[in-house]
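1. Structure for the following, please:
(one chain, ligands or ions: 1)
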Amino acid sequence: MNAALKGGARYIGFVFYPPSPRSITPATAAELARHAAGRAGCVGLFVDPDDDTLASITRAVPLDMIQLHGDESPARVADIRERYGRPVMKALKISVPEDLAGVEAYLPVADRLLFDAKAPKGKADALPGGNAVAFDWRILAGKSWSRPWMLAGGINPENLAEAVEVSGARSVDVSSGVEVKPGQKDPERIALFLQKARSL
Ligand SMILES: O=C(O)c1ccccc1NCC(=O)[C@H](O)[C@H](O)COP(=O)(O)O
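-> Residues are numbered from 1 along each chain as shown. Okay, here's the model as predicted:
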């Protein structure tokens, strides 16, 4: 996390999804969040979380934002936003232009959108996100919405400039592209990614 803070990352993400190799405990996240306080926002990532999970984690960890990466409906997004008093970022999975039709319903209820690739089909260990897979960034070109949005999925230091240029993204989210292997972040690649991001 120090590389992200030193490089000027705006947000740090904590994965609260036990099947993920990136999943961390609330206690560890709380410690990291205290370390990041005032330097970066802390985002808690959940996949179709139930209320017990959200209640206990939001009590234990000073999260600045909740990221929903499952199949949460617009009504559930609104409910979570209201109950837990945090801004919500809703991840929407994109593979074809028609997938953008689903965006409209989330605009009144989500504070921010995140466009990510769909999980690869037929890959037994695929996660709902964090699979190092990109979608066709041209799908987003020239589009605008009433909420801020981030680009995610298969972005790395080598393709960041192209991803931003093609999609028009002003913010990006990265995971696998700055890792040695799933769950093990590489401080040098984080520094490189952020250095490249700052230069755009
Ligand atoms: O990262 C995970 O392990 C994860 C697990 C379950 C749902 C979402 C997950 N990650 C979501 C992210 O925010 C990733 O940054 C995003 O999908 C991009 O991932 P990557 O292609 O690895 O950069």
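2. Next up, the contacts around the residue nearest to the spatial centre of the chain.
-> Central residue of the chain (CA atoms, centre = their mean): residue 173, 5.6 Å from the mean position. Each residue near residue 173 by CB atoms under 8 Å, 6 or more residues apart in numbering is listed here: 13, 114, 116, 150, 151, 152, 155. Placement of C-beta: from N, CA and C, glycine included.
3. what's the neighbour count on residue 120?
-> 12 (other CB atoms under 10 Å).
4. now do residue 38
-> Other residues close to residue 38 by other CB under 10 Å number 4.
5. Give me the spatial nearest neighbour of residue 90, chain neighbours excluded.
-> residue 110 (4.1 Å; CB to CB, 6 or more residues apart in numbering).
6. residue contacts, residue 52?
-> Here residue 52 is in contact with no residue (CB under 8 Å, 6+ apart).
7. Can you read off the pLDDT for the residue nearest to the centre of the chain?
-> On pLDDT, residue 173 comes in at 97.
8. Return the residues of the chain in contact with the ligand.
-> 13, 15, 17, 20, 22, 45, 47, 69, 116, 127-133, 152-155, 173-177 (CB under 6 Å from any ligand atom).
9. Would you mind pulling up the elements that whichever helix in the chain runs longest packs against?
-> Across the chain, the longest stretch assigned as helix under DSSP state H is helix 187-199. Packing partners of helix 187-199 (3 or more CB pairs under 8 Å, 6 or more residues apart in numbering; DSSP states H and E): helix 2-6, helix 160-167.
10. Save these as JSON lines, and put in mean neighbour count and distance to residue 35 too.
-> Below are the helices and strands packed on helix 187-199 laid out as JSON lines (neighbours: other CB atoms under 10 Å; distance: least, CB to CB, whole Å):
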{"stretch": "helix 2-6", "mean neighbour count": "16", "distance to residue 35": "8"}
{"stretch": "helix 160-167", "mean neighbour count": "17", "distance to residue 35": "26"}
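11. now the helices for this protein?
-> 2-6, 26-36, 51-60, 74-84, 160-167, 187-199.
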